[in-house]
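In: Just to be clear, the model below is a prediction. Sequence and coordinates:
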Amino acid sequence: MMRLVFSFIAGGLFGGGLFISGMTDTAKVQGWLDVFGAWDPTLAFVMGGAMIPMAIAWMVARKRQSSVLGVPLPPPPSREIDRKLIIGSVLFGIGWGLAGLCPGPSIAALSFGGSGLYVFVAAMLTGMVVAPFVRSRLDKAVPAE
């Protein structure tokens with residue numbers, strides 16, 4: 001039960017932070033990404049403000065075996081830059097630039113985003129379901145280096 005309470009609180013804080021920071025405003029995000037046009041640098045402060053506490057959280061987590069609630073912590077992510085990371089990053093960046101949203105802000109904006117947002121979320125969820133099948137097919141066709 002406590003895990004659900006903490007999850008609800010964390011999700012609410014995350015969604016509220018995305019809304020307050022402007023990350024749910026597609027025009028603001030696309031302005032941030034338009035470095036050769038009408039660039040809007042304000043989201044740099046949002047990202048910097050997110051990176052600092054996350055760096056601290058990773059340092060604390062590195063010294064622990066389980067969370068405050070006793071759940072085992074997952075292993076740290078791989079630091080290897082491989083084909084999967086590059087392809088995933090490129091696809092994420094293309095989607096972020098075209099739509100002005102990424103997964104977190106799109107979920108946070110569901111209540112006010114309009115029909116275009118519903119299409120984006122449906123496509124995102126479809127991609128999440130299809131991606132493991134595509135990845136396994138690619139891994140069989142082109143072995144990792």
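Out: Received the coordinates, thanks. Residues are numbered from 1 along each chain as shown.
In: looking at this, L101 is in a helix?
Out: No. Applying DSSP: H, G, I helix; E, B strand; the rest coil, one finds L101 to be coil, outside a helix.
In: Hmm, it is touching T26, no?
Out: Yes. With contact defined as Cβ atoms under 8 Å, L101 counts as touching T26 (5.9 Å). Glycine gets a C-beta too; all of them are placed from N, C-alpha and C.
In: Settle it for me: which of the two has more neighbours?
Out: Using other Cβ atoms under 10 Å as the criterion, L101 and T26 rank with L101 on top: 25 against 19.
In: Regarding this protein, what is its longest helix?
Out: The longest helix of the chain (DSSP state H) is helix 115-141.
In: Can you list the buried residues in it?
Out: For helix 115-141, a neighbour-count test (16 or more other Cβ atoms under 10 Å) marks L117, F120, V121, M124 as buried.
In: Which secondary structure elements does that helix sit against?
Out: helix 83-99, helix 103-108 (3 or more Cβ pairs under 8 Å, 6 or more residues apart in numbering; DSSP states H and E).
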